[in-house]
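1. Could you work out the structure for the sequence below:
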Amino acid sequence: MKPFLFSLLIATLTSCSNPKKATVAVNPLNGTWVTTKLIMGGNELPPAAVQNQKLIISDSNYTYIAESVDKGVVKYSGNKMDIYGKDGVNAGQHFTAIYKMENEILVICYNLAGNSYPENYETAGKPTFFTAHFKKE
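-> Numbers count the residues shown, from 1 in each chain. Got it, this is the predicted structure:
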């Protein structure tokens with residue numbers, strides 16, 4: 001009788017187990033991004049302007065390396081970003097932005113005034129807007 005009860009217990013426990021593994025959503029923007037293009041006032045800046053610039057995203061934290069290092073927090077809602085500078089030249093600043101991925105290129109349009117989200121990726125006639133293109137390293 002004991003072997004039967006033991007077999008029944010094992011069968012019950014294995015049938016009640018959940019074979020699904022817990023999955024954690026990974027932010028597709030995580031990683032190191034090299035700046036390939038900057039557009040301000042509708043004009044692309046010369047390649048020297050983006051030389052040696054990198055954006056590093058790790059979930060809700062970012063580091064931007066250019067002439068200096070800027071660190072902060074980014075919050076996402078759909079294709080919108082709220083960027084809060086914590087360390088560096090943008091400490092205490094709040095910027096709004098929209099972003100998209102196109103053919104493995106990350107495109108972010110920033111509003112440095114932080115008072116509204118850009119409606120598109122155009123910067124002509126918008127002095128507080130700039131668009132940056134990044135390629136994953």
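2. Could you use CA atoms for every contact and neighbour count after this?
-> Fine.
3. three-state assignment of the most centrally placed residue in the chain?
-> Nearest to the mean C-alpha position of the chain, by C-alpha atoms, centre = their mean, lies Leu29 at 4.1 Å. Under DSSP: H, G, I helix; E, B strand; the rest coil, the three-state class of Leu29 is coil.
4. Same check on the one 10 residues further on?
-> Using three-state DSSP, the structure places Ile39 in strand.
5. Leaving out the residues flanking it, which one is nearest to it?
-> Excluding the flanking residues, the one nearest Ile39 by C-alpha to C-alpha, 6 or more residues apart in numbering is Thr131, at 5.1 Å.
6. Same question for Glu44.
-> Leu38 (5.7 Å).
7. need the contact list for the one you found.
-> Taking C-alpha atoms under 8 Å, 6 or more residues apart in numbering, we find Leu38 in contact with 44-45, 49-50, 130-133.
8. Can you give me the first-to-last residue distance of stretch 67-84?
-> In stretch 67-84, first residue to last residue: 19 Å (C-alpha to C-alpha, to the nearest Å).
9. Report the mean per-residue pLDDT for that stretch.
-> In this model, stretch 67-84 has a mean pLDDT of 98.
10. So what touches it?
-> Contacts of stretch 67-84 (C-alpha under 8 Å, 6+ apart): 53, 60-64, 85-100, 117.
11. of these, buried ones?
-> Neighbour-count burial within those applies to 53, 61-64, 85-86, 90, 94-99, 117; the criterion is 16 or more other C-alpha atoms under 10 Å.
12. Any regions of the protein where pLDDT drops low?
-> The model of the chain has pLDDT under 70 over residues 1-24.
13. how close does Ile39 get to Ser77?
-> 24 Å.
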